[in-house]
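Chemist: Got a sequence here, can you model it:
(one chain, ligands or ions: 1)
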Amino acid sequence: MTENERKELADLLYPNLSHDIKYYEERYPERKLPKGAMVTRYAPSPTGSVHLGNLLSAFADMVYARQSKGSFYLRIEDTDQKRMIEGGIENITGVLHDFDILPNEGYSFGGEYDPYIQSERTEIYQTYIKDLIVRGYAYPCFMSEEEIQNIREEQEINKTKIGIYGVYAVDRDLSLEEVKERIANGQEYVIRLKSPGDASKEIEVVDCIKGKMKFPEHNVDTVLLKKDGTPTYHFAHAIDDHLMHTTHVIRGDEWVSSLPLHVQLFELLGFEPVRYAHIAPITIKDQETGNIRKISKRKDPWFGVKYYDENGIPIEALHLYLATITNTNFEEWYLNNEDKKIEDFEFSFEKQAIGGTSFDEAKLVNLCKTYFSRKSGKEVYEETHKWAEKHDPDYANLLEKHKEDMIGFFNIEKDGPRPRKDIAKYSDVKEEFSYAIDSMFEKEAYKKYDGDKTYDTDLILDYINNDLELDCNNEEWFNAIKLFALRNGYAASPKDYKNNPDSYKGHVGDICEAIRVMITGRLKSPDLFSIMKILGKDRIIQRINLYKKTI
Ligand code: GLU
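Modeler: This next block holds a predicted model:
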């Protein structure tokens, strides 16, 4: 076709577009951002539930945009209407809110580059397609599903590249008359790229994470607009990332194989190329086979985002975990910098694992424990209460009733160089602090005690009633209980007892152990004196009497 014929064809196919390319280029001007600012986007398709891999890429989008003072936007890629799931879009925005991975712009967040949902941008795509047709880089293709399937089978038998290209691209050079005739006959068509690529030549792409990669040039006449006039992902993302002035496309590495097409599309459309950063999937060691495999929705509870909320993993702790996957040097930095937050870390693509990062539950638990250890008792209280309101309302009520006590318990052993690391999730709190609330303690008391000793309640009651002084510091208390031990035939230290076992009934540690078991129902607990101080004498005595009755 001559240029004039192509123009006629383009007008025939798209007679009623409201604007031309120039309009859109002006409508979506360059962003006014500082030099080096990254514009990133999370561009999910509402075709399934959000999973950990999605959160990871959205998290990376967020941190890179934030640290470079750029913009992070949400774009809904709903071009595949057949695969859309009900509530899919609300689910995406809900998850971003729940997990505090908030774009500053985009679908449901607003912004000047709207609409941020592809189904409302059809005319834009058609405008650019029209231009490609005029310039001879796209054409209508009338091949039927059956024809395409036959070609595919033939290609599979011959072990040649699959797709419509070269001799298989039978509609590539139809004359204007032929096209007109088919359209007049009501034949359906898609718009295909008229790829100028030569597969015997190579292109080089430098990925921000994977580095230099070489591919044969793209030479397939890929579908750009489907029969219903809506675009394929490949075409839509090129137009949108250009008009929305994305600088970095951070996405799963299942898209690496599409790079030659994407690079070609940008070139043909005359767009400045975007930078790509392909993230490898999260992997896991399969319990049954021992092989490393992709983390899966079906087999791994951690993959679905519900898991984190239901189990009470703090969002910020999950962010820490995502940060360790995003940059391999993050974890060490975080553990060594007590007073720092994720925002203080400088992320860089060079520090992102090129191969898959394996999901490490122990690492997640450790980060969670560190997270809790750095929170004040009040913060632990507030966050746990909020979580319990949703997941365990009875416990939330109890927490409220005993707020001051709870904060006190959460604060035990918080100061000092090695704060306690006892809780990893909000759901651990109830069990870990089961001794904190009388009504809970009374129900559970001693059920979990698995020691084999019984303790002398008379001795302990005597100590609490006649000797215990709570209005002092830990050291004074310990000195006093040592004297009590000596007066009652117990050594003042394990060492003294060891040296002279026949002269003593035991040592001061045995007395402390007895008190601990009686007032907490367990052999290990946070600092005993701090617990006693919060409980006060009366409640301690009640618990000793309960012990007497139960054991
Ligand atoms: N809509 C694509 C997907 O959900 C997005 C890929 C991309 O980020 O470009 O896989």
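Chemist: only C-alpha atoms for contact and neighbour calcs from this point on.
Modeler: Will do.
Chemist: Can you name the residue of the stretch 151-300 of the chain nearest to the ligand?
Modeler: R251 (4.5 Å; Cα to the nearest ligand atom).
Chemist: helix/strand/coil for that residue?
Modeler: strand (DSSP: H, G, I helix; E, B strand; the rest coil).
Chemist: Wait, it touches I279, no?
Modeler: Yes: judged on Cα atoms under 8 Å, R251 makes contact with I279 at a distance of 6.0 Å.
Chemist: Overlap of the contact sets of the two?
Modeler: Residues touching both R251 and I279 (Cα atoms under 8 Å, 6 or more residues apart in numbering) are S57.
Chemist: So which of the two has more stuff around it?
Modeler: A direct count of neighbours by other Cα atoms under 10 Å for R251 and I279 places I279 higher, at 29 against 24.
Chemist: Phi, psi for the more buried one please.
Modeler: phi -90, psi 130 (degrees, to the nearest 10).
Chemist: ditto for the one 3 residues further on
Modeler: Reported as degrees, to the nearest 10, the phi and psi values for I282 are phi -80, psi 130.
Chemist: what's it in contact with, if anything?
Modeler: Counting by Cα under 8 Å, 6+ apart, I282 has contacts 53, 294-295, 356-359.
Chemist: same question for the longest helix anywhere in the chain, mean pLDDT?
Modeler: As assigned by DSSP state H, the longest helix anywhere in the chain is helix 528-550. Mean pLDDT, computed over helix 528-550, is 96.
Chemist: Is stretch 104-112 positioned near the ligand?
Modeler: No: for stretch 104-112, no contact with the ligand is found by Cα under 6 Å from any ligand atom; the gap never falls below 13.7 Å.
Chemist: hmm, who's touching that stretch?
Modeler: 28, 71-76, 93, 103, 113-117.
Chemist: What of stretch 158-168?
Modeler: 148, 151-152, 155-156, 219-222.
Chemist: And the pLDDT for the residue in the stretch 1-150 of the chain that the ligand sits nearest to?
Modeler: Closest to the ligand within the stretch 1-150 of the chain is P44: 3.9 Å, counting by Cα to the nearest ligand atom. pLDDT, P44: 97.
Chemist: what are the ranges of the helices in the stretch 1-150 of the chain?
Modeler: 3-13, 21-27, 52-67, 88-98, 122-134, 145-158 (DSSP state H, counting those that start in this stretch).
Chemist: Mind listing what's buried along the last one?
Modeler: When neighbours are counted by 16 or more other Cα atoms under 10 Å, the buried residues of helix 145-158 are found to be 151-152.
Chemist: Could you give the average pLDDT over that helix?
Modeler: Helix 145-158 shows a mean pLDDT of 97.
Chemist: Check the second one too.
Modeler: Helix 21-27 comes out with an average pLDDT of 98.
Chemist: what about it, distance to the chain center?
Modeler: Centre-to-centre, helix 21-27 and its host chain are 36 Å apart (Cα atoms, centre = their mean, to the nearest Å).
Chemist: go on, the first one?
Modeler: Relative to its parent chain, helix 3-13 has a centroid offset of 48 Å by Cα atoms, centre = their mean.
Chemist: And for the fourth one?
Modeler: Per Cα atoms, centre = their mean, the displacement of helix 88-98 from the mean C-alpha position of its chain is 13 Å.
Chemist: Mind exporting the C-alpha coordinates of it to PDB?
Modeler: Taking C-alpha atoms only, helix 88-98 is exported to PDB below (Å, rounded to 0.1, in the frame of the first residue of the first chain):
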ATOM      1  CA  GLY A  88     -10.500  -7.700  41.600                       C
ATOM      2  CA  ILE A  89      -9.900  -4.000  41.400                       C
ATOM      3  CA  GLU A  90     -11.300  -3.200  44.900                       C
ATOM      4  CA  ASN A  91      -9.100  -6.000  46.200                       C
ATOM      5  CA  ILE A  92      -6.000  -4.400  44.700                       C
ATOM      6  CA  THR A  93      -6.700  -1.000  46.200                       C
ATOM      7  CA  GLY A  94      -7.700  -2.600  49.500                       C
ATOM      8  CA  VAL A  95      -4.500  -4.600  49.700                       C
ATOM      9  CA  LEU A  96      -2.400  -1.500  49.000                       C
ATOM     10  CA  HIS A  97      -4.100   0.400  51.800                       C
ATOM     11  CA  ASP A  98      -4.000  -2.600  54.200                       C
END
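Chemist: circling back to that earlier point, could I have the PyMOL command that selects the buried members from the contacts of stretch 104-112?
Modeler: Command for PyMOL, covering only those of the contacts of stretch 104-112 found buried under the criterion 16+ other Cα under 10 Å:
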select buried, resi 71+72+73+74+75+76+93+103+113+114+115+116+117
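Chemist: Output the contacts of stretch 104-112 as TSV; include the columns distance to T454.
Modeler: Below are these laid out as TSV (distance: Cα to Cα, whole Å):
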residue	distance to T454
Y28	78
S71	64
F72	62
Y73	63
L74	62
R75	65
I76	65
T93	56
P103	59
Y113	72
D114	72
P115	72
Y116	69
I117	68
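Chemist: Max pairwise distance over the contacts of stretch 104-112: which two?
Modeler: Y28 and T93 (24.0 Å; Cα to Cα).
Chemist: for stretch 428-440, how far is the first residue from the last?
Modeler: 15 Å (Cα to Cα, to the nearest Å).
Chemist: Which of the residues in that stretch are classified as buried?
Modeler: Burial within stretch 428-440, assessed by neighbour count using 16+ other Cα under 10 Å, is assigned to 428-430, 433-438, 440.
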